[in-house]
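Visitor: structure for the following, please:
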Amino acid sequence: MTVARMITTIRVACVLVSCMTRAVGLTAQVSGKTVAATATILVTSQPANTFIPSRTFGAALDGLQYGDVADVYTPTNITAMRGAGLVPMTYRIRTELGIEAWHWNPDGTWSDAAHARGYWTSAPTSPVPITVSYGYRLPRRGTTIDQANEDGYSRLDDGSPATFWKSNPYLDPYYTHEPPDAQGAMRHPPWVVIDFQWPTAVDAIRIQWADPYATRCLVQWWDQAYPNEPADEELIPDGTWRTFASGTLASTTGGDVVTRIAPFPVHTRMIRILVLATSHTALPRSHDVRDSLGVAIREISAGVIDAQMTFHDAIRHVASSQDQTVMYVSSTDPWHRAEDRDLNVEQPGFDRVYQSGLTQRQPMMVPVGVLYDTPENAAAELRYLQTRKYPVERIEMGEEPDGQSVAPEDYAALYLQFADALHRVDSTIALGGPSFQDAVALSSVWPDTAIDRSWMRRFLNVLRARNRMHDFSFFSFEWYPYDDVCVPTAPQLFGEPVKLAAALDTLRNDGVPTDIPWIISEYGYSAFAGEPEVTIQGALLNADIVGQFLTLDGNEAYVYGYEPTTLLRNEHCDSWGNNTLFLAGDNGRPPIPVAAYYGAQLLTQRWAQPGNGVHQVYRVQIDPTPMTAQGPLVTAYAAHRPDGQWAVMFVNKDPTRTWSVRMAVQHQAEGHTTPLLSPIEVDQLSPVQYVWHANGSYGFPAPDHPPGHTVIPRGDPPIVVLPPYSMTVVRGREQ
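Guide: Alright, predicted model coming up:
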């Protein structure tokens, strides 16, 4: 019978505890009440989705600390990593998160070669394999907080008039070729936001301009909808920008200017300088047109002028992201110098990754820097990969622009310039992104004039208006559903499927095309360190994410934390953990698997049939649904494998109760039910196999065994037990 054409139901019946005595000996101690239910996997004439394991279940490779690349990419570690069964790889650029330019090839050229500075282009060839690459801090940085090590700082309030912030020249009309708007303003106006974090009195501002300076700008204050709302660096509160009474500024000389912008102090959490036109002047002895594009500011002060005409500055000026007043900027100039290399971070070189065996000769999704890079450097990267004959089909454009408060319109303008440069190298290469740090990015983008805070809708509007949707070939986002890892995990496990379904609905409603691949480019429990990431709960959450994403028509998912690493501390609750599959071994010893590794094995080698065969996914409905206020206690995902077996993956998130299930296949169109035949194979990860013991940075798993495997013999009732906090894969055939 052709599975894709039949209307089928797999029925899973939860029975009493007394039925569990023949259930394969994998159970944990039973506690609490067992609730009877029937779970039905609904199979219509077409499956909910199809997937190929070798193209679907992947892992993310990231930048590392200085000196760690050689320690991670060892034969012992590579063998262990490949054991997870994850085939496709995605390469992440930590330098982009750290507001750094990426020298993906250490060899290359500077635009100002005589002084080893300017705009960098890596060489498209190399006489030796590239084993490691580096990031370079941007000396014209304007944003205080970054998404990497957060050890940089803004030059707008670092206390030094010798330094300055400058906006990205590639957003100037010289490169975007976009005319001014109806009011004569730039389409991508540079801006600076000063975030005091609490309401602060402001009636005056001091701007020390560099070159190019603003010839026309607005100074505005944020009229917050809920003034008493606590400050959150990750979220932009609801409100509206309002221009100060005397906040329209014009200048023909730039310089150091103090301006009284209001007759009386305004109490506001944030103020903004919005640049409408610039001087197009450059620093002395500059011969690069990019030096004259955008706007530059040396230092900003803001506060009040008292009755004695003394200016009181409310901004903290210090070269430290931990202590200076928080600044956000629209963009940053990728200009830098040889001396700006970040000695704390390194990226694995492309040759090291491709030649390690991790990619298994499959195409790797590779990135190019966009926010802090140049189109020329991106094009050279693609030339290099193709010259080396490394398989690459997709290029992810930048990294987490939403997390860096980049306006979607500005990202779109850069995206299209980089797309042009890449397609001049290869017109067939698939481009996409934006690799959101937040799946929907509704609360981390400033509202536009229409009060629209949908990042994707605004980005796609630009592409559609320019007739460039053909340059957007896939959509990618990261999925770390929980910031707080210091609270009980059970409610979070219950609630994750609800969160993911809601996020995907929002993205569809915002117009993300459904005829292109949707990719989770990173997933894990949380973007912050915590114990749940290394407990069995972390493995359960990962399984739920992938199973549901495929059921909801997602295409590929890449688990984060492929490289062996150490535990990190969450200072909010003294919780130690990390998104990882392994704890690093000492002195060359094999890495130690954690629960996420075993969960990945169950997914890739038990639920799925490894290889290139097409699998069909079917929806699951449990009746009555074992629900909590947050979401379901038990979830299940069914796949019909190329070998003809039904595979059902159960995730029991109930921390106390054991469930037992009996399975059958009901053919609704034919009106009869067919049980699964014994023998039935059962693979299970539960507290019998894995328990985490917290001990600060020395936490460890014990026991730490692979998932249990057993076979229900022919003739025995096909009953399978799901212990508390367990992941179980059941495989069998129809009669």
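
Visitor: got the contact list for stretch 445-456?
Guide: Stretch 445-456 is contacted from outside by 236, 240, 402, 405, 407-409, 434, 436, 440-444, 458, 475, 507, 510-512, using CB atoms under 8 Å, 6 or more residues apart in numbering. All C-beta spots, glycine's among them, are computed from the backbone N, C-alpha and C.

Visitor: please tell me the pLDDT value assigned to residue 233.
Guide: For residue 233, the pLDDT comes out at 65.

Visitor: repeat for residue 713
Guide: Looking at residue 713, its pLDDT stands at 88.

Visitor: quick one, phi/psi of it?
Guide: As for residue 713, its main-chain torsions (degrees, to the nearest 10) stand at phi -60, psi 160.

Visitor: who are the neighbours in contact with it?
Guide: By CB under 8 Å, 6+ apart, the contact set of residue 713 is 678-679.

Visitor: from residue 641, how far off is it?
Guide: Distance from residue 713 to residue 641, counting by CB to CB, to the nearest Å: 22 Å.

Visitor: before we move on, what about residue 204?
Guide: 70 Å.

Visitor: which one's more surrounded, the two?
Guide: Neighbour tally, residue 204 and residue 641, criterion other CB atoms under 10 Å: the higher count belongs to residue 204, 21 against 18.

Visitor: which SSE is the closest residue to residue 129 other than its chain neighbours in?
Guide: Nearest residue to residue 129 in three dimensions, chain neighbours excluded: residue 351, at 3.6 Å (CB to CB, 6 or more residues apart in numbering). For residue 351, the element it lies in under DSSP states H and E is helix 350-356.

Visitor: could you do residue 415 as well?
Guide: Assigned by DSSP H and E, residue 415 falls in helix 408-425.

Visitor: go on, residue 205?
Guide: strand 204-209.

Visitor: following that strand, which helix or strand comes up?
Guide: strand 214-224.

Visitor: pretty sure residue 554 sits against residue 521.
Guide: No: contact criterion CB atoms under 8 Å: residue 554 and residue 521 do not qualify, at 11.6 Å.

Visitor: what ranges do the strands span in the stretch 51-200 of the chain?
Guide: Using DSSP state E, counting those that start in this stretch, the strands of the stretch 51-200 of the chain run over 57-61, 64-65, 89-91, 100-103, 108-112, 117-122, 132-137, 165-166, 191-202.

Visitor: out of those, deepest packed?
Guide: Among those, ranked by average contacts under mean count of other CB atoms under 10 Å, first place goes to strand 165-166 (a mean of 30).

Visitor: tell me how far that strand lies from the chain's centre.
Guide: Counting by CA atoms, centre = their mean, to the nearest Å, strand 165-166 is centred 27 Å from the centre of its parent chain.

Visitor: packing partners of that strand?
Guide: Helices and strands touching strand 165-166, by 3 or more CB pairs under 8 Å, 6 or more residues apart in numbering; DSSP states H and E, are strand 296-305.

Visitor: tilt between the strand it packs on and strand 204-209?
Guide: 160 degrees (axes from the mean of the first three to the mean of the last three CA atoms, to 10 degrees).

Visitor: so the residue nearest the centre of the chain is in which element?
Guide: Nearest to the geometric centre of the chain sits residue 478, at 3.1 Å (CA atoms, centre = their mean). Assigned by DSSP H and E, residue 478 belongs to strand 474-479.

Visitor: what's next to that strand, contact-wise?
Guide: Counting by CB under 8 Å, 6+ apart, 394, 396, 400, 430, 432-439, 456, 500, 503, 507, 512-513, 516-523, 527, 545, 560 sit against strand 474-479.

Visitor: from those, which would you call buried?
Guide: 394, 396, 400, 430, 432-439, 456, 500, 503, 507, 512, 517-523, 527, 545, 560 (16 or more other CB atoms under 10 Å).

Visitor: stretch 576-588: end-to-end distance?
Guide: 23 Å (CA to CA, to the nearest Å).

Visitor: buried sites along that stretch?
Guide: For stretch 576-588, using 16+ other CB under 10 Å, the buried residues are 576-584.

Visitor: run the chain-centre distance for that stretch.
Guide: Taking CA atoms, centre = their mean, one finds the center of stretch 576-588 at 21 Å from the center of the full chain.

Visitor: also stretch 383-401?
Guide: The answer for stretch 383-401 is 18 Å, by CA atoms, centre = their mean.

Visitor: just to revisit the earlier point, show me the two of the buried residues of stretch 576-588 that sit farthest apart.
Guide: Distance extremes for the buried residues of stretch 576-588: the farthest pair is 576 and 581 at 16.6 Å, using CB to CB.

Visitor: low pLDDT regions in the stretch 1-150 of the chain?
Guide: 1-45 (pLDDT under 70).

Visitor: how about the helices in it?
Guide: For the stretch 1-150 of the chain, applying DSSP state H, counting those that start in this stretch gives helices covering 53-56, 68-72, 75-82, 94-97.

Visitor: residue 609 is in contact with residue 646, isn't it?
Guide: No: between residue 609 and residue 646 there is no contact under CB under 8 Å: 11.7 Å.

Visitor: out of those two, which sits in the more crowded spot?
Guide: residue 646 (22 against 19).

Visitor: from memory the more buried one sits against residue 681, does it?
Guide: No: checked against CB under 8 Å, the pair residue 646 and residue 681 is beyond contact range at 11.0 Å.

Visitor: so what sits against both of the two?
Guide: 731-732.

Visitor: what sits against the residue nearest to residue 129?
Guide: 126, 129-131, 388.

Visitor: which among these count as buried?
Guide: By 16+ other CB under 10 Å, the contacts of residue 351 give 126, 130-131, 388 as buried.

Visitor: mind putting those into a markdown table with distance to residue 118?
Guide: Converted to a markdown table, those look like this (distance: CB to CB, whole Å):
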| residue | distance to residue 118 |
| --- | --- |
| 126 | 21 |
| 130 | 22 |
| 131 | 26 |
| 388 | 27 |
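
Visitor: farthest pair within the residues you listed?
Guide: Checking the buried ones among the contacts of residue 351 with CB to CB, the most distant pair is 131 and 388, at 13.4 Å.

Visitor: doesn't residue 539 belong to a helix?
Guide: Yes: counting by DSSP: H, G, I helix; E, B strand; the rest coil, residue 539 is part of a helix.

Visitor: what strand or helix carries the residue lying closest to it once chain neighbours are set aside?
Guide: Leaving aside its chain neighbours, residue 539 sits nearest to residue 599 (3.3 Å; criterion: CB to CB, 6+ apart). Assigned by DSSP H and E, residue 599 falls within helix 595-601.

Visitor: show me what the helix or strand that that helix is followed by is packed against.
Guide: Counting by DSSP H and E, the element after helix 595-601 in chain order, helix or strand, is strand 615-623. Applying 3+ CB pairs under 8 Å, 6+ apart, we find strand 615-623 packed against strand 8-14, strand 38-43, strand 49-51, helix 536-551, strand 634-640.

Visitor: let's go with 10 Å and repeat that
Guide: strand 8-14, strand 38-43, strand 49-51, helix 536-551, strand 634-640, strand 646-652 (3 or more CB pairs under 10 Å, 6 or more residues apart in numbering; DSSP states H and E).

Visitor: so which of these gets nearest residue 107?
Guide: Using CB to CB, these put helix 536-551 closest to residue 107, at 38.9 Å.

Visitor: run the angle between that closest one and strand 634-640 for me.
Guide: Using the same axes, to 10 degrees: helix 536-551 against strand 634-640 is 50 degrees.

Visitor: name the residues of the one helix or strand residue 682 maps to that are buried.
Guide: Per DSSP H and E, residue 682 falls inside strand 672-685. Within strand 672-685, the residues scored as buried using 16+ other CB under 10 Å are 674-676, 679-685.

Visitor: now do stretch 208-227
Guide: 208-222, 224.

Visitor: next one: stretch 300-312
Guide: 300-304.

Visitor: swap in stretch 726-735?
Guide: Using 16+ other CB under 10 Å as the test for burial, stretch 726-735 gives 726-732, 734.

Visitor: so for the helix holding residue 351, what's the average pLDDT?
Guide: 97.
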